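> Return atomic coordinates for the entry below.
(one chain, ligands or ions: 1)
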Amino acid sequence: MNIIDYADRDMLAINVAQVVAGQLESVLFSHERASFAVPGGTTPGPIFDALCAATLDWSRVHVMPTDERWVAEDDSRSNARLIRKRLLTSRAEAATLVPFYRAGQTPEAALDEIAESIAPYLPLSVLLLGMGEDMHTASIFAGAPGSAEALDAAAPPLAVVTPETQPETRVTLTAPVLDGALSKHLVIFGASKRAALERALTMPPEEAPVQAVLTDITVHWAE
Ligand SMILES: O=C(O)[C@H](O)[C@@H](O)[C@H](O)[C@H](O)COP(=O)(O)O
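Next up, the predicted model:
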């Protein structure tokens, strides 16, 4: 795990966008397409704002959420909504979103169909993750129903997790898929998340799910 400290969040957003754009572009030099999984929450927005203007062949990039709250895309909590609004705009509008939410279906019933829709894009070319102060990442929340399955080394690509701290059920990429990404980035802001990451290094994944994806990852941190 490599940690890069930035002078401020703007510097971080610009640099992470440049690094990710470069990694996507180099994948596209030797592959027909590239896949990019991104988190929800408040962290990625500024990175998306910088990345969406990058000059690369976005028409060959498939973007998916690392996890989705099981809400309609017009719901303010939807990650697909965040991605469409902040990332798939400007030059990146040409990219393809691979959404998880399926209207009228339960997460459990939709899981196989979603797994089929993401299968062509695995392993992930580039992964961007966030982390909660409780050391969850994607929607793998310690102790939540479904998280043990999501952390299993033999887990299928997706799991349904129902964190009691969250207002809705989640569908998340599982640890093997996240950890198997070819280029991995974790972005965290603030002293408390930095301390939480340090704690996670001394804990098992069952108690600190982010621990399951920390091999060969670049952590980007700003106050
Ligand atoms: O859907 C989500 O919410 C994210 O995928 C989740 O894993 C997020 O990265 C963390 O909860 C951190 O959220 P903040 O960026 O808001 O701190």
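
> residues from this structure in reach of the ligand?
Proximity of the chain to the ligand is confined to 39-43, 66-67, 79, 130-132, 136-138 under the rule C-beta under 6 Å from any ligand atom. No exception for glycine: its C-beta is placed from N, CA and C like everyone else's.

> most neighbours, which of the residues you listed?
Within those, most neighbours by other C-beta atoms under 10 Å means A138, with 31 neighbours.

> where does that residue fall, phi/psi-wise?
Main-chain torsions, A138, degrees, to the nearest 10: phi 50, psi -130.

> Pretty sure R69 is one of the things it touches, is it not?
No: look at A138 against R69 with C-beta atoms under 8 Å: they stay out of range, at 11.6 Å.

> what kind of secondary structure is E32 in?
Reduced to three states with DSSP: H, G, I helix; E, B strand; the rest coil, the structure at E32 is coil.

> In terms of pLDDT, where does it sit?
Note on E32: pLDDT of 98.

> now do S183
pLDDT, S183: 98.

> Please report how far it lies from V16.
Counting by C-beta to C-beta, to the nearest Å, the gap from S183 to V16 is 11 Å.

> Tell me which of the residues of the chain next to the ligand fall in helices.
Secondary structure defined by DSSP state H assigns N79 of the residues of the chain next to the ligand to helices.

> I'd like the residues of the chain next to the ligand as JSON lines, with pLDDT and distance to R9 appended.
Shown next, in JSON lines, are the residues of the chain next to the ligand (pLDDT from 0 to 100; distance: C-beta to C-beta, whole Å):
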{"residue": "P39", "pLDDT": "98", "distance to R9": "16"}
{"residue": "G40", "pLDDT": "98", "distance to R9": "18"}
{"residue": "G41", "pLDDT": "97", "distance to R9": "14"}
{"residue": "T42", "pLDDT": "97", "distance to R9": "11"}
{"residue": "T43", "pLDDT": "98", "distance to R9": "9"}
{"residue": "T66", "pLDDT": "99", "distance to R9": "20"}
{"residue": "D67", "pLDDT": "98", "distance to R9": "22"}
{"residue": "N79", "pLDDT": "98", "distance to R9": "20"}
{"residue": "G130", "pLDDT": "98", "distance to R9": "13"}
{"residue": "M131", "pLDDT": "98", "distance to R9": "15"}
{"residue": "G132", "pLDDT": "98", "distance to R9": "17"}
{"residue": "H136", "pLDDT": "98", "distance to R9": "21"}
{"residue": "T137", "pLDDT": "98", "distance to R9": "19"}
{"residue": "A138", "pLDDT": "98", "distance to R9": "21"}
